[in-house]
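Visitor: predicted model and sequence below, questions to follow.
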Amino acid sequence: MHTQNPYDLAPSREVADQLLSQMTLAEKAGQITQVEKNSITPEDVAEYAIGSVLSGGGGNPSPNNPETWLQMVRSYIDASHNSRLGIPALYGTDAVHGHSNAVGATIFPHNIGLGATGDADLVERVYRAAALETTATGARWMFAPALSVALDPRWGRTYESFGDDPELVSRLGAAAVRGIVGETSNGSSTALASIKHFVGDGGTAWGSAGPVEWLDFWDDWGDGWKIDQGDTRVDEKTLRAVHLYPFHASISAGALTVMASYSSWNGEKIHGHHALLTEVLKGELGFEGFVISDWLGLGQLDPDPYLCVVKGLGAGVDMVMVPFEYKDFISTVVAAVEAGDIELARLDDAVRRILTVKHAIGLFSSFAHQDPSLDLVGSSAHRVIAREAAAASAVLLKNDGDLLPLSSGEILLAGSGAHDIGNQCGGWTIEWQGSAGQTTPGTTILQAFDHHSLEFDVTHSMTGSFPEGSCWPVGVVVVAEPPYAEGNGDSADCALPADDLQAIEEVRARVDHLVVVVLSGRPVVLDAVADQCDAMVAAWLPGTEGSGIVDVLTGTRPFRGRLPRPWLNMWNRGHGLEGRR
Ligand code: GLC
């Protein structure tokens, strides 16, 4: 079933064909090349007519702030205008929950929290704010939203998914795309979305992942990974109904790039899967944008780098996130076309798609004169939206004796998530894996209590160690999964850190009533917790605006969140978890 995108691409396709007729084979190869920013100079972006530059996770300028981001991005894009034909390069970054590599940007709840809101309008406003902050620093391409239907919570990318319900993912994914693209009349769209990862990334089997023996990138890449980038072992009917389903609505909403999945379908790598990338996505769905590979994704297709390029481009990958050895890649493409291993028509189709998209989003006209509104980055208006989203994402799992909402008074506050922006934000924040600590401006849960109008007298100890013999009416322990990204987050037990479990014990002994707030990228095992507390809240990864969580704890805002996926019932049966969809 053809999925109509909202653009009128005909004028852009004419421009693309006109440029294509002037391009040399080497320039065509350069146009399908995406390089990570530390691996290329602006001069070589012009010299090799590079199509795109990206910041991978943590690909930041130093120092890292909105101004240096704009300078960095501009250095590459302005250089691309100096190539022989002056085709502007696209700059891409993982703005997956705000412009999340940039210090000072507003960091919104990760998708699993947005899934708990179930609120398409709110999701659209979140992604619009993220797009405005990202493009204000010159980066027009956001590698978002993920349309993963995450079925196994042991997956390290569960939090990048809106949930395990294809309908919910479809509805919120399309809302995110609308937020990113804004107006779709040619030349005025805000940013370029990249829906990912096509297809079936959230349905892989536990134990089906592991290192690619011929890839020596990162010593530990893939070591210890159990499910990320693994094998989705389902029949075609299930693949279509569960994992392909969300892509229809997002293409209709204006997504013009699709990122291929590292995973496999019944043993065949998606990056080399012609039936899915070309016959289904471009043929059956009528997708008119372009397919981008994932980082080193082609390198997983074959021990021979030449065959990786032949197989990937032949399958339907249009632009390749190389991301390092761009000279080798370009010469390989030229050699493979000259040898007839890659048909020139396939390369031309890839270049035409890329140029059509660049023209459709106004890249040939608007960027050079774009007035960067850097004051949008981290603006109070955007932080208000993030605070609203954090509050709306919180799910009330338990509330014995209607302990919540809390009134004013003395509170013991403990746990690794009580006063830690990094733990509030999780992975894909400033650094690829994220990190604990005050990594970027925001409001921690402790600070939100301190500034609350209800006058709380808070005694805080992360470990829960307080003076002996003391006793308080209420304790709040904010437990947190340490940040992680991708396969580094694959977890056999989805357990909370032992220190946080200890903090619960410490506080339990000193308070009349105990609230546990869970900061996590997925449902975690709460067996040891559920019986010890009177109230329990799933806060997911709320981002920089911890005030949103305190808003629901204190009744400033009501609890609205609903579980976007079952909460590990196999481990928590019988604890009366009241979470509802
Ligand atoms: C990563 C991820 C992908 C991301 C890309 C660029 O490996 O799989 O989601 O957009 O590389 O950082």
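Guide: Received, thanks.
Visitor: all contacts plus neighbour counts: C-alpha atoms, from now on.
Guide: Noted.
Visitor: report how many residues lie close to Ala381.
Guide: Summarising burial for Ala381: neighbours were counted as other CA atoms under 10 Å, giving 12.
Visitor: let me know the helix or strand that it is in.
Guide: Per DSSP states H and E: Ala381 is located in helix 380-393.
Visitor: can you give me the mean pLDDT across that helix?
Guide: Confidence over helix 380-393, taken as the mean pLDDT, stands at 98.
Visitor: distance from the chain centre to the helix or strand just after it, please.
Guide: Per DSSP H and E, the first helix or strand lying C-terminal to helix 380-393 is strand 395-399. Its chain's C-alpha centre lies 26 Å from the corresponding centre of strand 395-399 when counted by CA atoms, centre = their mean, to the nearest Å.
Visitor: partners of the helix or strand just after strand 395-399, with directions?
Guide: Stepping forward along the backbone from strand 395-399, the first helix or strand reached (DSSP H and E) is strand 409-414. Each strand that strand 409-414 pairs with, and the sense of that pairing, follows from DSSP bridges: strand 456-461 (parallel), strand 472-480 (parallel).
Visitor: so which residues make contact with the last one?
Guide: Counting by CA atoms under 8 Å, 6 or more residues apart in numbering, the neighbours of strand 472-480 from elsewhere in the structure are 410-418, 423-424, 496-497, 500-501, 503-504, 507-508, 510-520.
Visitor: and with 6 Å instead?
Guide: The contact list for strand 472-480 (CA atoms under 6 Å, 6 or more residues apart in numbering) reads 411-418, 500, 511-520.
Visitor: and what of the shortest one?
Guide: Taking CA under 6 Å, 6+ apart as the criterion, the residues outside strand 456-461 that touch it are Ser408, Gly409, Glu410, Ile411, Leu412, Leu413, Ala414.
Visitor: ok, back up a step: which among the strands paired with strand 409-414 is found nearest to Glu183?
Guide: For the strands paired with strand 409-414, proximity to Glu183 was assessed by CA to CA; strand 472-480 is nearest, at 38.3 Å.
Visitor: from the chain's centre, how far out does the closest one sit?
Guide: For strand 472-480, the distance from its own C-alpha centre to the chain's C-alpha centre is 30 Å (CA atoms, centre = their mean).
Visitor: what angle separates the helix or strand just after that strand from strand 409-414?
Guide: Moving toward the C-terminus from strand 472-480, the next helix or strand (DSSP H and E) is helix 498-508. Helix 498-508 and strand 409-414 meet at an angle of 150 degrees, taking axes from the mean of the first three to the mean of the last three CA atoms, to 10 degrees as the criterion.
Visitor: next, the buried residues of helix 498-508.
Guide: Neighbour-count burial for helix 498-508, counted by 16 or more other CA atoms under 10 Å, picks out Asp500, Leu501, Ala503, Ile504, Glu505, Glu506, Val507, Arg508.
Visitor: same list (those residues) but as JSON lines, adding pLDDT.
Guide: As requested, these are exported to JSON lines (pLDDT from 0 to 100):
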{"residue": "Asp500", "pLDDT": "97"}
{"residue": "Leu501", "pLDDT": "97"}
{"residue": "Ala503", "pLDDT": "97"}
{"residue": "Ile504", "pLDDT": "97"}
{"residue": "Glu505", "pLDDT": "96"}
{"residue": "Glu506", "pLDDT": "95"}
{"residue": "Val507", "pLDDT": "96"}
{"residue": "Arg508", "pLDDT": "96"}
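Visitor: sounds good, over and out.
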